[in-house]
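Visitor: Predicted model and sequence below, questions to follow.
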Amino acid sequence: MHPRRAFRSIVLVLFAMLAACQLAGCATSIQADDAARVAGKTYVVTGASSGFGRGIALKLGSLRANVVLAARRTELLQEVAAQVTAAGGTALVVTTDVAKPEEMRRLADSAVARFGRVDVWINNAGVGAIGRFEDIPVEDHSRLVDVNLKGVIYGSHAALRLFRAQGHGALINMGSVDSEVPHAYQASYSATKAGVLSLGRVLNEELRLGGHRAISVSTVLPWAADTPFWEHAATYSGSTPRFAAMDDPQIVVDAVVWVSLHPREELPVGGKAAAAYTSHRIFSNLTERITGNIAHRYQMDSASPRPSTPGALHQPMQSGRGVEGGVRERMRQEDAVRGRP
Ligand SMILES: NC(=O)c1ccc[n+]([C@@H]2O[C@H](COP(=O)([O-])OP(=O)(O)OC[C@H]3O[C@@H](n4cnc5c(N)ncnc54)[C@H](OP(=O)(O)O)[C@@H]3O)[C@@H](O)[C@H]2O)c1
């Protein structure tokens, strides 16, 4: 197809998806009967100290679920546990590094010892690494795979063993729009998120072949969202991390809670993720070029300087403690200083 015609088609698909999503609210808002089904269920949430995981835990607490909170920053998990309990839920804190298989097994054992079973397991923990592939140290690429892909494999393994033994359960793995559409300057991140999506597809096939109808695997694919992710990302681009048209984290929080009750093999969250996902399936090369150009503009051309940092990849950071990351506000301030619209 001629590039100009392909580009026009892509814009049309994008527009149609956005409009459809706007009208349908992308169908992932939580209704009253959904809320009632969450009460009393046991959820394991990794990466519950900040960002989506913290938001998911707080939402589950307000819906009176039992929430098992895992991450490395114990004091933040305790803070979240207090809020979950105050909202009417029950919480258990299990300090966990998801890259360590023995700690993931301990997480599963602790959840069962406290609540007797796990109904939903959410592998949400993850970290980014931004920069030209060869500028990112190889030990950072390696650790990123340990956390984002191996951590999800360890969590999925622990969860599916439990689910098979108890006969039911919903596994939710946090992918990204990068799972479908690889992003320039996030090479190993995109590779791990593609791996997470592929893992979920295979696990669903194995469950179907084994006749396990009450066990499901969903992969959630958000667009860029304003969480501490961008502050926590290892950064070797020379610039502060930023991205186009960031979403509010709450739409991802709601989508994860919704999909725990309405499993979907793949769930792009919101109109932009749905449009990019669909567009990549029809026009893969063109979508990758457009995404690459956007990433180049945001990560390389228009950002403020930032010294290289491994971020929260190897050790947790003190900063970046809320659900929101304040990135949209920072970008507005940076643009105002440099006179950009
Ligand atoms: N924000 C986005 O634009 C976006 C878009 C698509 C997908 N995602 C994905 O969403 C997930 C959550 O990210 P977020 O946006 O909520 O950012 P975030 O605020 O940085 O949350 C990451 C969470 O993972 C935990 N974590 C990191 N390394 C860990 C390790 N080794 N062991 C245990 N926990 C670890 C962090 O806690 P500790 O530091 O306390 O361990 C934190 O709770 C990630 O998988 C990310 O890839 C994010």
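Guide: Sure thing, it's come through.

Visitor: Which positions in the helix or strand harbouring E102 come out as buried?
Guide: When elements are assigned from DSSP states H and E, E102 belongs to helix 101-115. Using 16 or more other C-beta atoms under 10 Å as the test for burial, helix 101-115 gives 103-104, 106-108, 110-112, 115. Bear in mind the C-beta positions are built from the backbone N, C-alpha and C, glycine included.

Visitor: try stretch 128-144
Guide: Applying 16+ other C-beta under 10 Å to stretch 128-144 flags 128-131, 136-137, 140-141, 143-144 as buried.

Visitor: just the strands in the stretch 101-250 of the chain please.
Guide: Ranges of strands within the stretch 101-250 of the chain are 120-123, 129-130, 169-174, 215-222, 234-235, based on DSSP state E, counting those that start in this stretch.

Visitor: Pick the most buried one from these.
Guide: Highest mean neighbour count among the strands of the stretch 101-250 of the chain (mean count of other C-beta atoms under 10 Å): strand 120-123, with a mean of 30.

Visitor: what's next to that one, contact-wise?
Guide: If you take C-beta atoms under 8 Å, 6 or more residues apart in numbering as the criterion, strand 120-123 is touched by 41-46, 53, 56, 98, 151-152, 155-156, 158-159, 162-163, 169-174, 196, 256, 260.

Visitor: Which members of those residues additionally contact the ligand?
Guide: Intersecting those with the contacts of the ligand gives 46, 53, 98, 174 (criterion: C-beta under 6 Å from any ligand atom).

Visitor: Report the contact partners of the third one.
Guide: Spelled out, it's V98. 46-47, 70, 104, 123, 125, 147, 151-152, 154-155.

Visitor: Try it again at 6 Å.
Guide: Taking C-beta atoms under 6 Å, 6 or more residues apart in numbering as the criterion, V98 is in contact with 46, 125, 151.

Visitor: Of these, which is the nearest to S304?
Guide: Each of those was scored against S304 by C-beta to C-beta, and A125 proved nearest at 27.9 Å.

Visitor: Close to the ligand: what parts of this protein are there?
Guide: Near the ligand, when you scan the chain using C-beta under 6 Å from any ligand atom, you find 46-53, 71-73, 96-99, 124-127, 147, 174, 176, 222, 224-225, 227-229, 232, 312, 316, 320.

Visitor: In helices, which of those residues appear?
Guide: Secondary structure from DSSP state H places 51-53, 229, 232 of the residues of the chain next to the ligand in helices.
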